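Colleague: Following is a predicted model, sequence given first.
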Amino acid sequence: MSNILLLIVRELPLKGQSKAILKSLADFANNDTLLTIPSYKTIAKDIGCSRVTAINCIKKLVELKLIKKDYRQINDRQTSNSYIFNVPNLLGLVVCPKKRIELGEKFLADRERVKGKVIKLNPRT
């Protein structure tokens, strides 16, 4: 769970299931990499919607450039997509300038904490 991402998402002026899905993705995100890899089924179950709704909301979030979606394959088979947050775009949507600056500073402090750590993204390699 990435606490800083959740703090940022809570301040966004999004509504409904798109915001709920963004919160869910932030909740599943790795604190160090900000990467998240839940399946559509997992996301849908987490917020209480259909898989199709989860797919459509994620498409919308990608179009808004709030997240980036990467297709993943293991042994030539499609598996859960991975998502990474576009934090500058997320912060740009925060309405209150004071809150935007505060969250930006917290995010930068969090990135400094991570700097220098060796982060292994694929445990199989």
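Modeller: Looks like it came in fine. Please read these numbers as outputs of a predicted model, since none were measured by experiment. Residues are numbered from 1 along each chain as shown.

Colleague: and residue 55, that one's in a strand?
Modeller: No: according to DSSP: H, G, I helix; E, B strand; the rest coil, the state of residue 55 is helix, so it is not within a strand.

Colleague: how deep is it tucked in, by neighbour count?
Modeller: Using other Cβ atoms under 10 Å, residue 55 is surrounded by 15 other residues. All C-beta spots, glycine's among them, are computed from the backbone N, C-alpha and C.

Colleague: and the closest residue to it other than its chain neighbours, what are its phi and psi?
Modeller: The shortest distance from residue 55 to any residue that is not its chain neighbour, by Cβ to Cβ, 6 or more residues apart in numbering, is 5.6 Å, and that residue is residue 40. Note on residue 40: its backbone torsions stand at phi -60, psi -40 [degrees, to the nearest 10].

Colleague: Residue 27: neighbouring residues, count only.
Modeller: 16.

Colleague: Could you shift the numbering so residue one becomes 13, and keep it that way?
Modeller: Okay, using 13 as the starting number, the last item reads as residue 39.

Colleague: hang on, the earlier thing: state the distance from the residue nearest to residue 67 to residue 113.
Modeller: Taking Cβ to Cβ, to the nearest Å as the measure, residue 52 and residue 113 are separated by 35 Å.
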